[in-house]
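Participant: Need a 3D model of the following:
(2 chains)
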Amino acid sequence: MNKFLGNKAAILLFTLPTIVLFTVIVMWPTMQVFYRSMYDWDGLNPGKFIFLDNYIRLFEDRLFYTSLKNGAIFAAMLAVLQIGIGTVLALTISNKKIRGRKFLRVSYFIPVVLSVTVVCQLWLAMYNGEYGLINKIFETLGIPYRQDWLSNGKTAIYAVAAVNAWQNMGYHFALLLAAVNSIPEQYLEAAKIDGAEKWKAHWKVTIPLMAETYKFCFILAITGGLNAFANMQIMTGGGPGTDTYTLTYMMYRSAFRVGEFGYGTTAAAFLVIECLIVTFAINKLIARDRIVY
Amino acid sequence: MKKMKKALSLGVVLSLTMALAACGSNKGNDAESSASNAQEGVTKLRIYAQYSDEDTKGYYDYAVAELSKEMPNVQLDLEIQAQDDGQKLKTYAATGNLPDIFNVGLDQINVFRQSNNILQLDEYVDKLGFKDKMQPSAMNTLYTDDNHVYAFPYAGNELILLFYNKELFEQNGVKVPTTFEEMHAAIDAFKAKGITPLSIFAKEKWPDVAFFDMFATRYNPAGISALDKGQAKPSDEAYVKAAQDIADLVKAGLLPKGATNLNYDQAAALFHEGKAAMFVNGQWEIEASTKALGDKVGYMYYPAPDAATYESNKLAFSGGGTPGGFAVSANTKDKELATKVASFMALKYAEFKYTQKGSPIVSTKVDKPIVKTFDPMMEQLAKDLPNITSTTAFAWGLSNTKFKAAIEDASQALLSGSYSAEQFVSDLESAMK
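Facilitator: Numbers count the residues shown, from 1 in each chain, chains lettered A, B, ... in the order given. The predicted model follows:
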């Protein structure tokens, strides 16, 4: 068997289908994006090669900085809320003394299964400035605090990000729960014998041992935030004005509303670079060899 | 484990059944279409038209029924137009899959004529006598700026109206505003009674542009179309002042909470149920408003900075017509037939609007008797029409796409209340560089 797996031809034979698929549906389009980003192109007529002019324009474009900032806010919100709350939930559920664990586990995961459209419509109703649930709660509690959540340029991006964070929290929770459950009991018991309280033991033992999972979760949350699109498209349409634009949305606007496909792909190319940098950085920051229990 | 197996096998069976069912229905369609093709002499044409709500369905169904009487050998295969800034159509063009006949706006005409996707109709408008059927006042909807024809228009020069609920104004002793000062007074009076002063469906962006245009025309009657054509700059006094007026009114509480997230149904409901005193929409809203409010509804001339401007600019309207309508693909098999059908559809659309929708605002002359009489507001508008001093354009009639996207975004932001007139101007300036 070992001899067979050491055979170069065999390795090639088994990896070839994947390599071909990956090249055709990932690498080739990505290369196309970088190539097309150097064109002045309306998507229909032949384009004009303008080399880096689109990039220069991008760095002078105010919308680009709005999009960049919003992407960062979105990513930060997702990372903090999804992984933070996901961790607390996972650790709580992993405690065998908690009642109804099964029920809770399923309930946390339900939003993940729902479609984005359903979730967004649900929250649109809750955020509504006139009769939305959230403002009604403030009213019932007698707090004179009313917000125009999605129509206020300052709160809109947070409101939209919160919806995405809420929806996909269950996914991170599931990943983290699996990680917690795979850590052998002895470690926690040893910590307990040494006199550590439960949460301290988790902090010092469980969480560091979950580094691999965290690495994955952070990459997922942050690139997900930078890529955000569907929530804006449904809830705010990028508005009010351009206040909830992200790079993906900017790409969409340039390509489909303005008809500048070349400039749109420039935004897309920048997004690819941005995501690669983030992935690389996270991999460097949480550098660990594979954990062996 | 046993349970698991059961569930799995059930899943497999289910998915197989679904796959089979899908195949089955496909087969059904194929059989159907080949059967109809087999009919002697029937030509099938693909058409891309609006067919999304009761309103747009009425037009299409009427035109198709008329077509089957006139040309029984033509069968239309409808593809429903998507609300997507012409994206789907552009994709069709890029893949060489354009329907034979399609509904277009000016910006798509501009792209398609460069790429030779759209048939130039100059000879056909003469040959089919379409030009003679045009209303002389609507010729601007036929010719594009290169003096060629690319689509058979039907819509006519439509206008933006500022609707108001007469009863609400009377009951609360509010004067119908003619100046911005009076507008502020009206806002205060209505707010005190818990009535929304003005409703607008600002989630869609064209009404936002129209709202800005309404104010801009008080200072420069050419409004946004002067900006579109490069005859004026966003930093000109007219536009700065218009933006400032809107910002002030929004701050004073003109709009309902969350206005930029209201769609047509929500915003119209506020007005139709008497919860909002004013409403902004095109003149096609007359029918729906009259149905909901009867003779309580009317339209007012846009308020102006002072009484003198109000009087002099009273009949300078926002809105207007631009080239657009039913176009024909350059690659259609039978050009004669496709253009004949396209022109027929445009004429029937206009006919339906005139006879059944109670609107005289169409591009072509209609010689059929009216089925639904004009609403009182339409009567008033019909009286105003010949005296109109100027019109501008709707957002979809703007030809500079960069400017269009920028003003759509900026006008919406202006209505959110957290955006200043200075930001408005500087965002427009930087987008148009």
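Participant: quick one, phi psi at B:A307?
Facilitator: Backbone geometry at B:A307, expressed as degrees, to the nearest 10, gives phi -60, psi -40.
Participant: now it: how far from chain A?
Facilitator: Distance, B:A307 to chain A, by Cβ to the nearest Cβ, to the nearest Å: 33 Å. No exception for glycine: its C-beta is placed from N, CA and C like everyone else's.
Participant: Quick check: that residue touching B:P177?
Facilitator: No. With contact defined as Cβ atoms under 8 Å, B:A307 does not reach B:P177; the gap is 11.2 Å.
Participant: Just the closest residue of the stretch 1-150 of chain A to chain B, please.
Facilitator: A:G129 (3.2 Å; Cβ to the nearest Cβ).
Participant: low-confidence ranges in the chain?
Facilitator: You didn't say which chain, so I picked chain A. A:1-5, A:289-293 (pLDDT under 70).
Participant: I was after chain B.
Facilitator: Scanning chain B for pLDDT under 70 picks out the ranges B:1-40.
Participant: which residue does it bring closest to chain A?
Facilitator: Of all residues in chain B, B:A413 sits closest to chain A, at 2.4 Å by Cβ to the nearest Cβ.
Participant: So which residues on chain A come close to chain B?
Facilitator: A:42-45, A:61-62, A:124, A:127-130, A:146, A:148-154, A:235-243, A:253, A:256-260 (Cβ under 8 Å from any Cβ of the partner chain).
Participant: so what's the closest residue in space to B:A431 that isn't next to it in sequence up against?
Facilitator: Sequence neighbours aside, B:A406 is the residue nearest to B:A431 in space, at 3.4 Å (criterion: Cβ to Cβ, 6 or more residues apart in numbering or on different chains). Residues in contact with B:A406 (Cβ atoms under 8 Å, 6 or more residues apart in numbering or on different chains) are B:427-428, B:431-432.
Participant: give me phi/psi at B:A406?
Facilitator: According to degrees, to the nearest 10, B:A406 has phi -70, psi -40.
Participant: quick revisit: neighbour count winner among B:A307 and B:P177?
Facilitator: Using other Cβ atoms under 10 Å in any protein chain shown as the criterion, B:A307 and B:P177 rank with B:P177 on top: 23 against 12.
Participant: Check whether the more buried one really touches B:P303, as I assumed.
Facilitator: Yes. Assessed by Cβ under 8 Å, B:P177 is found in contact with B:P303 at 4.7 Å.
Participant: Name the residues contacting each of those two.
Facilitator: Contact criterion Cβ under 8 Å, 6+ apart; residues shared by B:P177 and B:P303: B:M183.
Participant: right, and the residue of chain B closest to chain A touches A:G238 too?
Facilitator: No. B:A413 is beyond contact range of A:G238, at 10.4 Å (criterion: Cβ under 8 Å).
Participant: Which elements pack onto the strand or helix carrying B:F215?
Facilitator: Element membership for B:F215 (DSSP states H and E) is helix B:206-219. Helices and strands touching helix B:206-219, by 3 or more Cβ pairs under 8 Å, 6 or more residues apart in numbering or on different chains; DSSP states H and E, are strand B:160-165, helix B:223-228, helix B:237-252, strand B:276-282, helix B:307-313, helix B:401-416.
Participant: Name only those of the residues of chain A next to chain B that count as buried.
Facilitator: A:42-44, A:61, A:124, A:127-129, A:148-153, A:235-243, A:253, A:256-260 (16 or more other Cβ atoms under 10 Å in any protein chain shown).
Participant: can you count the residues close to residue 272?
Facilitator: Let's take chain A. A:V272: 14 neighbours (other Cβ under 10 Å).
Participant: not what I meant, chain B
Facilitator: Around B:H272 there are 19 residues (other Cβ under 10 Å).
Participant: Could you do the one 10 residues further on as well?
Facilitator: When neighbours are counted by other Cβ under 10 Å, B:G282 registers 18.
Participant: correct me, but it touches B:G320?
Facilitator: No. Using Cβ under 8 Å as the test, B:G282 is too far from B:G320 to be in contact (10.7 Å).
Participant: one step back: could you list which of the residues of chain A next to chain B belong to helices?
Facilitator: The helices, defined by DSSP state H, take in A:62, A:124, A:127, A:235 from those.
Participant: Now for the second one: which residues touch it?
Facilitator: Remark: with contacts taken as Cβ under 8 Å, 6+ apart, A:L124 is in contact with A:150, A:234-235, B:261.
Participant: nearest residue to the residue in the stretch 151-293 of chain A that chain B sits nearest to other than its sequence neighbours?
Facilitator: Closest contact between the stretch 151-293 of chain A and chain B, by Cβ to the nearest Cβ, is at A:G241 (2.4 Å). Among residues not flanking A:G241 along the chain, B:A413 sits closest, at 2.4 Å (Cβ to Cβ, 6+ apart).
Participant: With B:S399 instead?
Facilitator: Nearest-residue entry for B:S399: B:L106, 5.6 Å, with adjacent residues in sequence omitted and distances by Cβ to Cβ, 6+ apart.
Participant: Tally up the residues packed near the one you found, please.
Facilitator: Neighbour tally, B:L106, other Cβ under 10 Å: 21.
Participant: Leaving aside the residues adjacent along the chain, what's closest to the residue nearest the centre of chain A?
Facilitator: With distances taken as Cα atoms, centre = their mean, the residue of chain A nearest its centroid is A:G224 (2.2 Å). Spatial nearest neighbour of A:G224, chain neighbours left out: A:L78 (5.9 Å); criterion: Cβ to Cβ, 6+ apart.
Participant: Can you classify the one you found by secondary structure?
Facilitator: helix (DSSP: H, G, I helix; E, B strand; the rest coil).
Participant: quick one: it from A:L285, how far?
Facilitator: A:L78 sits at a distance of 17 Å from A:L285 (criterion: Cβ to Cβ, to the nearest Å).
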